[in-house]
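Predicted coordinates and the sequence they were generated for:
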Amino acid sequence: MLFLLSVVFALTAKGQESKVSGKVASDNDTGLPGVAILLKGTAIGTVTNMEGEYTLGVTGENQILVFSFIGYKAQEIPVNGRSVINVTLAGDLQSLNEVVVVGYGTQKRSDLTGSISSITGDEVNMLPTQRVDQALQGRAAGVMVLNTDGAPGGNTTIRIRGMNSINGGNNALIVVDGLQGGNLNSINPNDVESIEILKDASATAIYGAKGANGVILITTKLGNTEKPVISYKYDIGIASQNRKLDLMNAAEYARNINTVELTRNGDGNIPVPIFSTAEIQEFENNGGTDWQDVIYRTAITQNHQLSISGGKDKINYMVSGGYLDQEGILLNTEYKRFTLRANLKTEITKWAEFGINWAGSKEISNSALFGGSTDWPNNPIGAATRFSPTIPVYDSNGNYSRSSLFYGNPILWNPLASAAEPLIERNSLQNNFNGYLEFKPLEGLSLRITGGARISEGNDVSFLNNKTFIGLQNNGQGTTISNSNTYLQNSNILTYDKEVNKHHFNITAVAEQQYEKYVGSTINTTDFLNEATGAYDLAGATIAKVGSSTDERVINSYLGRLNYILADKYLITLSYRADGSSVFGENNKWGYFPSGSFAWRASDEAFIQNLDVFSDLKLRASWGITGNQAISPYQTLARISSGGYYPYNGSDVTDIGFFISSAANPTLKWESTTQRDIGIDIGLFDGRFTFTADYYIKTTKDLLMFRDIPTYTGLRSILDNVGSMENKGFELAIGGDPFVGAFSWNTGFNLSANRTKVLDVGPVGKLAFNAGGSGQGTNLPFMYLVEGEPFGQMIGWGYEGPWKQNEAEQAALFGQLPGDPHYTDVNKDGKINLDDQKVIGNSMPKFIFGWNNQLSYKNLDLSFQIQGDHGKDLFNVARIALEQSGGTSRRIMDRWTPDNQDSDIPALIDQKTREEANLTSTISFPTSGGNVNSRWVEDASYVRLKNITLGYNLPRSLSDRISLSTVRVYVSATNLITITNYEGYDPEVSSYTGNDAQIGTDYNNYPQSKVFNIGMNVSF
Amino acid sequence: MKANKYIFEKFFFFLLALIPLSCQDLVEKPKSFAAPSTFYNDPAQIEAVFTASMNNLWNAWSGYGWAMRSAFQNTDSQNGGNLNISQNHGSDLWAGHYRSIANINPAIGAIKEGKLEGVPQNEVDLLMGQAKFLRAFNYFMLVRIFGPLPLPTEDTEDPFNAQLERTPVAQVYGLIVSDLMEAVNKLPTSWPTAQKGRPTSDVAKGLLAKAYLTMATAPLNEVGNYQKAADLAKEIMEGERYFLVEDIYKVFSLETEFGPEMMWSFISNYEDVATSPQIWTSMRGWGDISVQTEWVNKFPEQPRKHAYFELENSEGVGFLELGRYAGVKKYEYDKEEDFDAGRSIINIPILRYADVLLIFAESENRRNGAPTPEAVEAVNKVIDRANGYVDNPEHPKLTLGMSVEEFDKAVIQERNFELCFEFDRWFDLVRKRILGEESRETVKQNFSEADYLFPIPENDLRLNPLLDQNPGY
């Protein structure tokens, strides 16, 4: 009590006061606004103004002023009775004193024991991208960002240190200002102050049940200057198709069709060419239809951002708004986003602080029918590559033309109709709210109470009219979906920080509760009387199926963490978290997640300092357990669901069916991942060269998997904890400032190699996933998880190219002729069947890398990023149809003939020759599964000049004249150059993203585009 | 003192802050679906189980909506089969039937336990009749396709984890027969129009007759069942509730989908369409299921040939000339705009009156050791209609003078001509053991005795070591 009194007395004591003022400038004499000046040992301080000037009332004697600013080396200057003190601050390249956000608190970078990568908001803003997730690509070691889908507003897949789970989800946890969950898509990149990526156990264990896949912490901006800073940014981008596939023109195609037709001479049939010479000549003249040109366009994107921020007295604020209008390169696709944010922080009293962040966004998008197997006649992207170029876009009556019944594929739907006719609109409205009260009742003790909510509402409408494939079958098909998701979080964080001599303790205790609720309803309608109104007048539909559902989940958590630092050199962190979640079986509701880490700041040891080489040398090691609970609610309960419709009564409507959809499993529990990490951080040349390396081993056990049960039980599988997975890898990040001064160059290179291995998948020993869809002969599982083998194995038949002319005898053994596809007979039994399957590829990259550079010279700046991955395969399902004998790919013209034996395209052999050869085939592929072979597996390694930006900052002297403080204009190109051997549209795509084991097929997903941007930033 | 006042306030707020730490309950209370323990207590809920059980079997592109092209493609009448039966052949039918059975069993259990309180007995009987019928139907299909089977019933404990053995065929038929006999007693002779798609007691009798006939032939060869089959078929004929449609061209049409000849079918309508109509014709569509050329060329020239098969296109050009295959006209009775749009509402019959007549003819002949006048009359009704009620030397009627073997062979051949593409031919080939001899030359070389049973799905074999595979796989 007495101690408290004396502290309080000191705070309010009034002694002798004198004023000190001056200017704080940087190396090049520009005043630095926002520099903090503190009277050492007191709470008296101030901040410099826009010109870098300050005035501070100083009391007492022998006072020392401490000048500090992020990115600059702090300085301590004794007052010594002076009244004017001017200071020049030197840049601190190491930023070791930078404060880094960690889970439930902050730490100085130099005190970190875990593996954390940081990206500043400025780096994010340097890119003309409108999305935070895309901005992360190639910027941090160990973080793989896949643009699996290039549609505007489309998804990326983010994986930190490999895949841990099969059914539990592999998405990293996103935390925005402490609010967990959420989507990187709807955050305005302009609002981001910093991003921290937590990778190892000691960093992520603090998030317990949700931390197993890594954590991405985002902190949003607050102003800190007395005079409000208003900044406006405008960007316009022009996007176009990155790559066109090499397809035959109409004349070449027609000639090929004739060639194919002439082979149908079996059974005494005399074939007649389909196209006459005159028709072919006509195609030579007019070129036919280039369907890729028909459905793609040059798309324009505009982005406006406005923000006002400042901080004065006890209030800091930031208000920002943005409007993004993005067209997609595929016709009839676009995305609009409005965002608005207001951040506020205020000091209520000296020991209480209040803050509130509110962000709202509204997204409206029009999507296309794309990706997946069920849409293949509909999918405009695939159809455009396969539709006969000999057919015009419209027929003689002005309607969309149909495919021919006599050649090509008769089922394909007109690509323009599939692209332009569907209405698929998604609307979503999101409100994120985050508030806190922080009390500091005693020195070093603080209690922070936070309450947050994320409420999102979605409303989707779609309508497929009679000009689309599905719409025609159903006389119009309309769907409306509405759903709402509510997430509430309350975290209560108690922190105690105490320094005694050489010992520094920081203890954090948290009690947290989370609640999530989903409510949704759907109306599916078909058979419309009036197409014109379609899904906007559902009463016009004859048949309507309705559905609704709701679910909830609850998590209660307790956690504690101790940070202990001895002599600023030996750092220990211990944490422990207990999470109870409602989604787990009644016997296993609680999970426990401990972690520990240790670091040695060798650069602070005398013997290292004497070497005078290292500016930073830290060795780290950590161990911890984190969990994964991302499965849907109610999985442990037996369920009877609705939906088995059938006209049991024989009437014109279907009757409702109810059926058992799952069996109970009361022992279902968390997946848990144990991670060990060792790392080293090195800084040389006064911080101008930095090197960070980490090696880690993660073992995930009790994997949530659908354990197969015999099908005679009526179910296929039960969700159970079986199986385990291992991820091993290393990460390297090298950074440097080779040049500083008028010409400066900052570079960062990161490389990560991760190996995921399947340790156990249950009694079956392997799990197979169907990823090739239907209709292309790939309706057979070929993505496998096999015990003891790497994740992402593709298993099928080996294709060795066509049989050579001199191999006629061997070919005959299989019932084939030279020029026919030669499959590998693995067991050498003279037959090709399921026993001859082998590994034909792997969908995981051997390593991924990114190289980021910032150069600046006087007022010009240039930045560029090169990124890529190496060693992954893609199964190019889309190519199968293109290379059919009557297909559209130009490669067909190079098919095998006795004069052209080097081709990998099988020969075209006429029926009569085959009949005369009278061979019996020993090849038996399962129905619709014959194309699962290595002919379609391609190396999808790539290197991409992801982004290059050239900017010009107007000199202060000029901008001051128009009373603007900064003016920057820039031009930028994204996806400018891609170097890859992959033949499809884009080596990053994946058509199946429901389950990571299925990543690795290209089935006509929306490709990424090449974009050119021009923009400007101004601020007052 | 000022300082003290603040300190009190500080701790007050501190304490206040601890209040929101009330913990939420972790027990789940689902609102969108039912638990099995609270279900099955209402007739409408039980009927919903029946609906779902048929949905498992019949859907566009799956189940029996595709089985003719996949599991049953090796019949002599159909194109595309080559008697190369590989692992997991027909595994989707195994899964579909067992899913139906797994849902029907608890319904039967619930009715037996008396969960339907307050429901009049006759309604309860109707429900039990349908339940037993559907279960018997599922097991009847399974046992003919796969042989000895795991046999879960309402009495099986812990059905999702039970490791069951393969019950011998005779015992499986024991359950089928007892279920069908109960169905015969409890199902009505007819349903109100609004429920015309449901099975009647005649349908149960017909299925039971077919079951007895199958038991009388391979693999059980218990000839005592011929009598029972003949008696049941006769009951249906004497009941006069079903008749042959006179005009062969109208046997398969929208008007006759639910009678007088069609007794029970896989049903489609605009809300639940069948597989695209384009699979039945290779001249106007994809022709996934088409008629084998050699077989159709041997088909006798008669009105039936033109009614059941699409032999030429709209311009009168024959399928051979076009280089295509004959189509299955039986299932091309959709309206033209529906055909163009690719939607189909055809039904595929599971049992029709012509089948009953032929069952009677076959079993009566065998029971007697020689054809009887009733047997001859029954089969000739079918032949006469096929010929358009004139005498046709290419396909003469059968006579009393034929030997038992000759008559039997002729009746089986008549089944082949009349009931082709109705999921019957495969089972006839299997139970008469004539798969090898009836297959065409190029396919015969692939025939082996093992082909009479499909393999047990790999998945189930792997997960239940008590199951053994059928020979030859």
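In hand now; what should we look at?

And for residue 443, the neighbour number?
Since no chain was named, I'll use chain A. A total of 13 residues lie near A:E443 under the criterion other C-beta atoms under 10 Å in any protein chain shown. From N, CA and C alone the C-beta is placed, and that goes for glycine too.

Let me rephrase: I mean chain B.
18.

In space, what's closest to whatever residue of the stretch 351-473 of chain B ends up closest to chain A - neighbours in sequence excluded?
Minimum separation of the stretch 351-473 of chain B from chain A (C-beta to the nearest C-beta) falls at B:D460, amounting to 4.1 Å. In space, and not counting its chain neighbours, B:D460 is closest to A:P710: 4.1 Å by C-beta to C-beta, 6 or more residues apart in numbering or on different chains.

what's the answer for A:N859, then?
A:N953 is the one closest to A:N859 (C-beta to C-beta, 6+ apart), at 4.7 Å.

How about A:I1014?
A:V971 (5.3 Å).

for the helix or strand hosting that neighbour, packing partners?
Element membership for A:V971, per DSSP states H and E: strand A:966-980. Judged by 3 or more C-beta pairs under 8 Å, 6 or more residues apart in numbering or on different chains; DSSP states H and E, the packing partners of strand A:966-980 are strand A:942-953, helix A:956-961, strand A:1009-1019.

ranking those by mean pLDDT, which is last?
Mean pLDDT across these is lowest at helix A:956-961; the value there is a mean of 78.

got a list of what the residue nearest to the spatial centre of chain B touches?
Geometric centre of chain B, nearest residue: B:I350, 5.8 Å, by C-alpha atoms, centre = their mean. When contacts are counted by C-beta atoms under 8 Å, 6 or more residues apart in numbering or on different chains, B:I350 is found next to B:137, B:263-266, B:423.

Try it again at 10 Å.
B:57-58, B:64, B:137, B:141, B:199, B:203, B:206-207, B:210, B:262-267, B:422-424 (C-beta atoms under 10 Å, 6 or more residues apart in numbering or on different chains).

out of these, who's near chain A?
Among these, the ones lying near chain A by C-beta under 10 Å from any C-beta of the partner chain are B:57-58, B:264-267.

now, which of the residues you listed lie within strands?
Mapping these onto strands (DSSP state E) picks out B:58, B:264-266.

quick one, phi/psi of A:A203?
phi -80, psi -40 (degrees, to the nearest 10).

now it, nearest residue through space, not along the chain?
Nearest-residue entry for A:A203: A:G114, 3.6 Å, with adjacent residues in sequence omitted and distances by C-beta to C-beta, 6+ apart.

Wait, that neighbour touches A:S202, no?
Yes: if you go by C-beta atoms under 10 Å, A:G114 and A:S202 touch, sitting 4.1 Å apart.

Find residues that contact each of those two.
Shared contacts of A:G114 and A:S202, counting by C-beta under 10 Å, 6+ apart, come down to A:102, A:573, A:575, A:595, A:597, A:599, A:620, A:622, A:624, A:677.

JSON lines for those, including neighbour count and distance to chain B?
Putting those into JSON lines (neighbours: other C-beta atoms under 10 Å in any protein chain shown; distance: C-beta to the nearest C-beta, whole Å) gives the following:
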{"residue": "A:V102", "neighbour count": "24", "distance to chain B": "23"}
{"residue": "A:T573", "neighbour count": "27", "distance to chain B": "25"}
{"residue": "A:S575", "neighbour count": "26", "distance to chain B": "20"}
{"residue": "A:S595", "neighbour count": "27", "distance to chain B": "24"}
{"residue": "A:S597", "neighbour count": "26", "distance to chain B": "28"}
{"residue": "A:A599", "neighbour count": "24", "distance to chain B": "33"}
{"residue": "A:R620", "neighbour count": "23", "distance to chain B": "34"}
{"residue": "A:S622", "neighbour count": "27", "distance to chain B": "30"}
{"residue": "A:G624", "neighbour count": "28", "distance to chain B": "24"}
{"residue": "A:D677", "neighbour count": "24", "distance to chain B": "32"}
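
Would you mind giving those as a markdown table with distance to B:A107, secondary structure and pLDDT added?
A markdown table is the format used below for the shared contacts of A:G114 and A:S202 (distance: C-beta to C-beta, whole Å; DSSP: H, G, I helix; E, B strand; the rest coil; pLDDT from 0 to 100):
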| residue | distance to B:A107 | secondary structure | pLDDT |
| --- | --- | --- | --- |
| A:V102 | 56 | strand | 82 |
| A:T573 | 58 | strand | 91 |
| A:S575 | 52 | strand | 90 |
| A:S595 | 51 | strand | 90 |
| A:S597 | 57 | strand | 91 |
| A:A599 | 64 | strand | 92 |
| A:R620 | 62 | strand | 92 |
| A:S622 | 56 | strand | 92 |
| A:G624 | 50 | strand | 91 |
| A:D677 | 55 | strand | 92 |
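
Please name the residues that touch the residue of the stretch 151-300 of chain B found nearest chain A.
Proximity of the stretch 151-300 of chain B to chain A (C-beta to the nearest C-beta) peaks at B:G197, 2.2 Å away. B:G197 sits next to A:646-651, A:655, B:54, B:191, B:257-258, B:264-267, B:269, B:347 when contact means C-beta under 10 Å, 6+ apart.
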